[in-house]
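compute the structure for the input listed below.
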Amino acid sequence: MKVYIKKLISENKKFRKTAGVILVVVGFIGIITPFTPWGILFFVGLELLGVRFLFWDKIKNWFKK
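Down below sits the predicted model:
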């Protein structure tokens with residue numbers, strides 16, 4: 001089952017984008033509502049969408065300065 005899920009996430013871009021958007025929305029709701037520890041899902045969803053890769057070079061250059 002674990003291998004199947006890894007294969008699904010790595011090969012299917014549509015599934016990855018859909019899961020990323022769902023996790024971002026749930027994570028954002030978790031951030032703005034008190035007493036819910038699901039705010040971390042926001043960052044997991046952004047990672048699935050590939051946002052880190054877009055800004056990683058800019059962040060590295062910013063810290064190097």
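
the chain: helices as residue ranges?
2-11, 13-32, 40-49, 51-64 (DSSP state H).

which parts of the longest one are buried?
If I follow you right, that is helix 13-32. Applying a neighbour-count criterion of 16 or more other C-beta atoms under 10 Å, one finds Arg16, Ala19, Gly20, Leu23, Val24, Val26, Gly27, Gly30 buried in helix 13-32. All C-beta atoms are positioned from the backbone trio N, CA, C, and that covers glycine.

in JSON lines, list those residues along with pLDDT.
Written out in JSON lines, the entries for the buried residues of helix 13-32 read as follows (pLDDT from 0 to 100):
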{"residue": "Arg16", "pLDDT": "81"}
{"residue": "Ala19", "pLDDT": "83"}
{"residue": "Gly20", "pLDDT": "84"}
{"residue": "Leu23", "pLDDT": "85"}
{"residue": "Val24", "pLDDT": "85"}
{"residue": "Val26", "pLDDT": "86"}
{"residue": "Gly27", "pLDDT": "85"}
{"residue": "Gly30", "pLDDT": "81"}
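
just to revisit the earlier point, mean pLDDT lowest where, among the helices of the chain?
Per-segment mean pLDDT for those reaches its minimum on helix 51-64, at a mean of 74.

angle of it against helix 13-32?
On the basis of axes from the mean of the first three to the mean of the last three C-alpha atoms, to 10 degrees, helix 51-64 is oriented at 60 degrees to helix 13-32.

what angle do helix 51-64 and helix 40-49 make?
Helix 51-64 and helix 40-49 are oriented at 100 degrees to each other (the same axes, to 10 degrees).
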